[in-house]
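**Q** Fold the following.
(2 chains)
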Protein chains: 2
Amino acid sequence: MPEGLTLAELGELGLLQRLSVHAPPGQWSDDAALLPNSEHQQWVVSTDALVQGVHFSEATTPAWSTGWRAVAANLSDLSAMGCHSCAGITVALAAPGSTSVLWVEEVYGGMNELLQHHGGTLLGGDCTRADQVMLSITAIGLVDPDCLVRRSDGQAGDVLVVSGPHGLSGLGLQLLLSNKFKAEDFSETMIQQAITAHQRPQPRFDAIAALHASKPQGLPWRIGGTDSSDGLRRSLELLGEASGYRPELDPAALPLPAGWQNNNLMQSLCLDGGEDFELVLTLDPAWAETFIQALPGAKIIGRLGESSGPPCWADSKNPLPESRGFEHFN
Amino acid sequence: MPEGLTLAELGELGLLQRLSVHAPPGQWSDDAALLPNSEHQQWVVSTDALVQGVHFSEATTPAWSTGWRAVAANLSDLSAMGCHSCAGITVALAAPGSTSVLWVEEVYGGMNELLQHHGGTLLGGDCTRADQVMLSITAIGLVDPDCLVRRSDGQAGDVLVVSGPHGLSGLGLQLLLSNKFKAEDFSETMIQQAITAHQRPQPRFDAIAALHASKPQGLPWRIGGTDSSDGLRRSLELLGEASGYRPELDPAALPLPAGWQNNNLMQSLCLDGGEDFELVLTLDPAWAETFIQALPGAKIIGRLGESSGPPCWADSKNPLPESRGFEHFN
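**A** Take a look at the predicted model:
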């Protein structure tokens, strides 16, 4: 291979930016890709790759959960575009020849279980040999082009809304890894809730249905949004960058899970734990009120300010405490 | 991981057979997946994964060719379903952090070059860290559901037709690896032709256009077919198994490239070299005649017999000489 800058040095975001010259302008600026279609609906396609030792491991992820989570991540991207459901997925599996067939069958069983819960079929794919297990999944869904959810559609004065609490999946991962957190610090219910959140995340198609059901008459369809696969902070950054308005987070409204202490460590999990796969939306204030009535667990967490800038606290306008986001090549 | 049968023991075909219980019956029995659509056209989606050291290596595949070939393989699958063109692709890239950015950019440049030649856009995808470079590509195309090409649509008495010669890509690979074949045994033209065939294969959308242009009036649209990504022999096996009729190959009509000696070694490359990405079709005899007039390089190579069975020679009915096909987990 040639010398020069490495992927580790450039980072994933830099790489995607460089590679975007190979796609039409704006093509890569959202969670999934619209196919250039037709009549009243547009096909949406999303691709995600998961690598053993990077995105999952035997210590934290049973085989069925590896499959479930891989599909959930993709369906979450579809919901973050405004899709109601998934039509189907394709799966590329790469694995060492020494991989147990049972393990692979359980992975696909987990995928199938997710699809049976949330809709969609396993359309096809490919299997091949590699030194490391990797799953690449492409999900395809339909959306009404007049009812899209786009990162860039937020406006100053919009309210920031999440479809549910943040941090559970991150806590579940840490408990499974026996890092930082000790199980004796938490109730049995909190532990189970966190591990379930990590191993069995749910794509929030129900939140899209609730948006349709709760839209106040007379308001146009205009929703900014993304999913929180890489953490709540990263979602806020994306919504701020795409809309041009600074996300202001109400410190009293941080979407901590029920029963959590509001200390620095738990706040950090809430902001940066990642893989919660909730929707983070910017809504007209009137719609935000009807939406949180329609979707139990949804919560208003702040607003989009008048100016541009990185996410900050709504009261002090100080930036959120520093933390490292999810960076794929480190 | 649990004990038991390994992927190496089961093999790719066995694995796909086992995993097909997770998809609707028949869903995985063709080259690509139909999306459950609508009006006059159906979306078709195909996913293929390529792994460094398995499907490509620095010795045989420059970066641009790695990208070109990865996309060509997928577009070939679309053509093998009857698509005229590709709407777009998504790409999942997994690579070590130490990978050169330049190399990755050249890979995507090769993909883009292929798309500019054959149509389609880079719709999106994902990048992540792994110990080994892997590309997983999903291609999406449109097809008229009344003009499909399916593996199973052959009938007894149909003529076997290839869109071009077979073996060039395999020879190119062997020459690049300096295995078995020595460059001094071939003319400079033959060497260049073989290496180009390996590094820059062309999906045969032009063959689909020629099928439409050459269809005799009064004949229904009925075409059996697949592409020869895993070798001519494997294509014949697939067409035979799916149709229930035995492919009978005319030994005098083996589609050897121009200038090749007809000896055992070159026959073996022609049958099992793989990655030629030609279309292998079963056609009504009248259509076969008009088709080979319409598409330079296309050739009639045999017929489908009355009974079922593995591919054989048309004269003796002896099975084709044994050889190992492309087996992904060995």
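**Q** Run through the helices of chain A in chain order.
**A** A:7-19, A:63-79, A:101-118, A:168-177, A:188-199, A:205-214, A:232-243, A:264-272, A:285-294 (DSSP state H).
**Q** Check the ones you listed for me and report the most buried one.
**A** Most buried of those, by mean neighbour count (mean count of other C-beta atoms under 10 Å in any protein chain shown): helix A:63-79, with a mean of 27. For the C-beta atoms, the positions are set from N, CA and C on the backbone; glycine is no exception.
**Q** could you redo the helices of chain A as TSV and give each row distance to residue B:225 and mean pLDDT?
**A** As requested, these are exported to TSV (distance: least, C-beta to C-beta, whole Å; pLDDT from 0 to 100):
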stretch	distance to residue B:225	mean pLDDT
helix A:7-19	34	67
helix A:63-79	31	94
helix A:101-118	28	88
helix A:168-177	46	92
helix A:188-199	43	94
helix A:205-214	37	97
helix A:232-243	44	94
helix A:264-272	51	91
helix A:285-294	50	98
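**Q** Generate CSV for those helices, with distance to residue B:197 as supplementary columns.
**A** Converted to CSV, those look like this (distance: least, C-beta to C-beta, whole Å):
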stretch, distance to residue B:197
helix A:7-19, 28
helix A:63-79, 35
helix A:101-118, 34
helix A:168-177, 48
helix A:188-199, 47
helix A:205-214, 46
helix A:232-243, 44
helix A:264-272, 50
helix A:285-294, 57
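**Q** Out of those helices, flag the one nearest chain B.
**A** helix A:7-19 (3.4 Å; C-beta to the nearest C-beta).
**Q** Can you get me a residue count around residue A:43?
**A** By other C-beta atoms under 10 Å in any protein chain shown, the residues close to residue A:43 number 24.
**Q** For it, give its distance to residue A:81.
**A** 11 Å (C-beta to C-beta, to the nearest Å).
**Q** now swap in residue A:294 and tell me
**A** 20 Å.
**Q** Residues of the stretch 101-250 of chain A that sit close to chain B?
**A** A:101-105, A:108-109, A:111-112, A:121-132, A:134, A:136, A:138, A:140 (C-beta under 8 Å from any C-beta of the partner chain).
**Q** surely residue A:244 meets residue A:306?
**A** No - using C-beta atoms under 8 Å, residue A:244 makes no contact with residue A:306, being 10.4 Å away.
**Q** Neighbour count for these two, which is higher?
**A** The neighbour comparison of residue A:244 against residue A:306 (other C-beta under 10 Å) goes to residue A:244, with 14 against 10.
**Q** Grab the nearest non-local neighbour of residue A:207.
**A** With C-beta to C-beta, 6 or more residues apart in numbering or on different chains as the criterion, residue A:207 has its nearest non-adjacent residue at 4.2 Å, and that residue is residue A:163.
**Q** ok now do the one you found, which residues does it touch?
**A** By C-beta atoms under 8 Å, 6 or more residues apart in numbering or on different chains, the residues touching residue A:163 are A:204, A:207, A:278-281, A:295, A:297-298.
**Q** Now, of the residues you listed, which are buried?
**A** Neighbour counting over the contacts of residue A:163 (16 or more other C-beta atoms under 10 Å in any protein chain shown) leaves A:204, A:207, A:278-281, A:295, A:298 as the buried ones.
**Q** Quickly check these for the two that are furthest apart.
**A** A:280 and A:295 (13.3 Å; C-beta to C-beta).
**Q** how far away is the residue lying closest to residue A:77 once chain neighbours are set aside from residue A:192?
**A** Nearest non-adjacent residue to residue A:77, counting by C-beta to C-beta, 6+ apart: residue A:46, 3.9 Å away. Distance from residue A:46 to residue A:192, counting by C-beta to C-beta: 30 Å.
**Q** try residue A:305
**A** Taking C-beta to C-beta, one finds residue A:305 at 38 Å from residue A:192.
**Q** for residue A:104, same thing?
**A** 27 Å.
**Q** Same check on residue A:73?
**A** Separation of residue A:73 from residue A:192 (C-beta to C-beta): 22 Å.
**Q** Kindly state the domain boundaries assigned to chain A.
**A** Partitioning chain A according to automatic domain parsing yields domains covering residues A:31-146, A:149-313.
**Q** just how off-centre is the longest one within its chain?
**A** On the basis of C-alpha atoms, centre = their mean, to the nearest Å, domain A:149-313 sits 10 Å off its chain's mean C-alpha point.
**Q** List the residues that contact the residue nearest in space to the middle of chain A.
**A** Central residue of chain A (C-alpha atoms, centre = their mean): residue A:229, 2.6 Å from the mean position. Neighbour list for residue A:229: A:73, A:76-77, A:274-277 [criterion: C-beta under 8 Å, 6+ apart].
**Q** surely residue A:158 meets residue A:304?
**A** Yes - Residue A:158 is in contact with residue A:304 according to C-beta under 8 Å; the separation is 4.6 Å.
**Q** list residues touching both of those two?
**A** Shared contacts of residue A:158 and residue A:304, counting by C-beta under 8 Å, 6+ apart, come down to A:224, A:245, A:282.
**Q** measure the second one to chain B for me?
**A** If I follow you right, that is residue A:245. 25 Å (C-beta to the nearest C-beta, to the nearest Å).
**Q** Can you tell me how far the closest residue to that residue other than its chain neighbours is from residue B:322?
**A** Distances taken as C-beta to C-beta, 6+ apart put residue A:304 closest to residue A:245, at 4.0 Å, once the chain neighbours are dropped. Counting by C-beta to C-beta, the gap between residue A:304 and residue B:322 amounts to 68 Å.
**Q** and residue A:120, what does it touch?
**A** A:75, A:85-89, A:139, A:141.
**Q** Just give me the closest of these to chain B.
**A** Checking these one by one against chain B (C-beta to the nearest C-beta), the nearest turns out to be residue A:87, at 5.9 Å.
**Q** Could you double-check that that closest one sits in contact with residue A:140?
**A** Yes - the criterion here is C-beta under 8 Å, and residue A:87 meets it with residue A:140 at 5.0 Å.
**Q** The two - which one has more neighbours?
**A** Each of residue A:87 and residue A:140 has its neighbours counted (other C-beta under 10 Å); residue A:140 has more, 29 against 22.
**Q** wait, what's in contact with that one?
**A** Counted by C-beta under 8 Å, 6+ apart, residue A:140 has contacts A:43-46, A:86-89, A:123, B:35, B:43, B:45, B:140.
**Q** Look up how far residue B:44 lies from it.
**A** Counting by C-beta to C-beta - residue A:140 and residue B:44 are separated by 11 Å.
**Q** gap between the nearest residue to residue A:262 once chain neighbours are set aside and residue B:308?
**A** In space, residue A:262 comes closest to residue A:256 once its chain neighbours are excluded; the distance is 6.2 Å by C-beta to C-beta, 6+ apart. From residue A:256 over to residue B:308 the distance is 65 Å, taken as C-beta to C-beta.
**Q** tell me the contacts of residue A:239?
**A** A:151, A:154, A:160, A:224-226, A:247, A:280, A:282, A:304.
**Q** Closest to residue A:169 out of the residues you listed?
**A** residue A:280 (14.4 Å).
**Q** Before I go, just wanted to say thanks for your time.
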